[in-house]
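# attaching a predicted model along with its sequence, questions to come.
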Amino acid sequence: MNSTIALQHNKSQNVKTDIPWISRLINPILWIFFFISIGGIGIYFVEDATTWTLGTYFRINGLSLAIFSTVSFFGALISTYAKRYLQGFKFQKVFSLYSLGFISSVLLFVISNHVGLVIASWFFMGLFMSKLIGVNSDWGEARAASNYALRFFVASSLLLSLSLGLLAYYSDALFLNVIFENLSSLPYSVLLSAALLLILAGLIQSALFPFHRWLLSAMTAPTPASALMHAGFINGAGILFTIFASVLIASNTLTLLFILGGFTAIFAQFVKLLQVNVKHKLACSTIAQMGFMVMQCGLGFFNAAIVHLILHGFYKAYLFLSSGEEVEMRSPEQALKIKIKALQAFIVLIFGVLGAGLFMLLTNKTSLTDSSIFLTLIIAITVGQATYNIIKAKIYSYGQRLMLSAALFIIGIGMYALIYNAVSLLLIELNYAIVPQKLTAIEIAFGMLFLLGFFLMKLGIYRKTPWLYVKLLNLTQPHKHTVLKFKK
């Protein structure tokens, strides 16, 4: 009798931990699709920037291939991880189906040439992602987080529908290529309205302030779903703005994008320092990175935004898939005070300037009179920050620290320049992929405020201002129904 019960128990355990056939099937399909995409990029370069059309409804160009290869790679990588990570999970099969639906929606979005297909694919991207957030439907908080996020995604889809509806109605066309050709004949009021609706749709989907709370409430998603969300879905605004770059430029709304992105970047960097949950820290980091991406679009460097999108995918997918290693019990510690000596400050300044110079040289950004100066400035800050982190490490001698700093910024900027130039070649067919903007008083003033905010954040000034600390902490709380709301 006992042996029979044990046998039945073992069988049930075997069934429970078996990997569903759909999970086994999706993984090789995505890897095959990734290698096909890489082959397509090779053919694209050989044929000198040729656009392939599938009737009038679909167009495959350099941007499509770049997103194809990126999304299929991360989809394959995360599905490989999830196949074992979620083994025995009750909803593993459903997770795999939702993941496939999401990836397919992204791929459809970047090749669609018809207004209806663009809107439908954008909506299904949000729908499948909300399903992934609440894939564990037995968990009340997960269901609440899914419904909460879906409301944002539906709003984003409605705004995009209104934007494209305006453009389609006044240009008397339903195909994007025809709409873009007729932009010059549209009234400016129509262009401005369509652009503002488009910007709002992108900001909501990419969780920029003040639409960031849905992302902070989405921590109910399994780790693979979070990795897929942060490596792919959140980048939707960058793809959307690049596809519709001509609309944004014609409506003169790039400065608005620059300001909105810059404000979000600083805000999210501030609030990231207040978080105690590792996934909330990563979520705030993603919001900040999306702010930088939107800033790049606002500067007229849509190619740089796509590069940022790709590199952020690698960075954030790794951090989420390895986040479990960062979880440990710790006692509260006194925050470290930033102390920088005169020699250290001098070294940071020199390396920052050298890094910016190398970046300008390798990417041909030699102008100091247009918006490219901001990209150069961000590179200088990044190199300076990395240099400071290295030279304050006491385990190395000063000589070793200098050599390590130099090696890292040369290798890092060299790799970035290589990817930047490759993506620029992929987007060469897009006339608006690189459109540097003339510097205006507004951009210069906001750039100075951006720098001031960055240094205030690094110096920890907010810790000495209780009301600001509490305000920022309250702004980054998840929705109340997604945290400890339902009884087990």
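Cool, got the structure. Residues are numbered from 1 along each chain as shown.
# neighbours of residue 188, just the number please.
Residues near residue 188, counting by other C-beta atoms under 10 Å, number 10. Quick note: C-beta positions are derived from backbone N, CA and C, even for glycine.
# neighbours around the residue nearest to it when sequence neighbours are not counted, how many?
Distance criterion C-beta to C-beta, 6 or more residues apart in numbering; nearest residue to residue 188, sequence neighbours excluded, is residue 251 at 7.4 Å. Neighbours of residue 251 under the rule other C-beta under 10 Å: 23.
# check residue 407 too.
Neighbour count of residue 407, defined by other C-beta under 10 Å: 10.
# name the element it belongs to?
For residue 407, the host element (DSSP states H and E) is helix 398-426.
# give the rounded mean pLDDT of that helix.
Average pLDDT, helix 398-426: 78.
# let me see the mean pLDDT of the following helix or strand past it.
Next along the chain after helix 398-426, taking DSSP H and E as the criterion, comes helix 441-459. Helix 441-459 comes out with an average pLDDT of 73.
# export the helix or strand following helix 441-459 as PDB, just CAs?
As assigned by DSSP H and E, the chain's next helix or strand after helix 441-459 is helix 466-475. The C-alpha trace of helix 466-475 is given here as PDB (Å, rounded to 0.1, in the frame of the first residue of the first chain):
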ATOM      1  CA  PRO A 466      13.800  64.900   4.700                       C
ATOM      2  CA  TRP A 467      10.700  66.200   2.800                       C
ATOM      3  CA  LEU A 468      12.400  65.500  -0.600                       C
ATOM      4  CA  TYR A 469      13.400  62.000   0.500                       C
ATOM      5  CA  VAL A 470       9.800  61.200   1.600                       C
ATOM      6  CA  LYS A 471       8.300  62.700  -1.500                       C
ATOM      7  CA  LEU A 472      10.600  60.700  -3.800                       C
ATOM      8  CA  LEU A 473      10.000  57.500  -1.800                       C
ATOM      9  CA  ASN A 474       6.200  58.000  -2.100                       C
ATOM     10  CA  LEU A 475       6.400  58.600  -5.800                       C
END
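# circling back to that earlier point, in this structure the residue nearest to residue 188 contacts residue 189, no?
No. Applying C-beta atoms under 8 Å, one finds residue 251 not in contact with residue 189, separated by 9.7 Å.
# how about the strands in this protein?
Using DSSP state E, the strands of the chain run over 52-54, 58-60.
# now the ones you listed in TSV, with mean neighbour count, mean pLDDT and distance to residue 40?
Listed next are the strands of the chain as TSV, based on neighbours: other C-beta atoms under 10 Å; pLDDT from 0 to 100; distance: least, C-beta to C-beta, whole Å:
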stretch	mean neighbour count	mean pLDDT	distance to residue 40
strand 52-54	13	74	9
strand 58-60	18	85	8
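# which non-adjacent residue is nearest residue 255?
residue 442 is the one closest to residue 255 (C-beta to C-beta, 6+ apart), at 6.0 Å.
# pLDDT weak spots in the stretch 251-400 of the chain?
322-345, 365-371, 385-386, 388-389, 391-396, 398 (pLDDT under 70).
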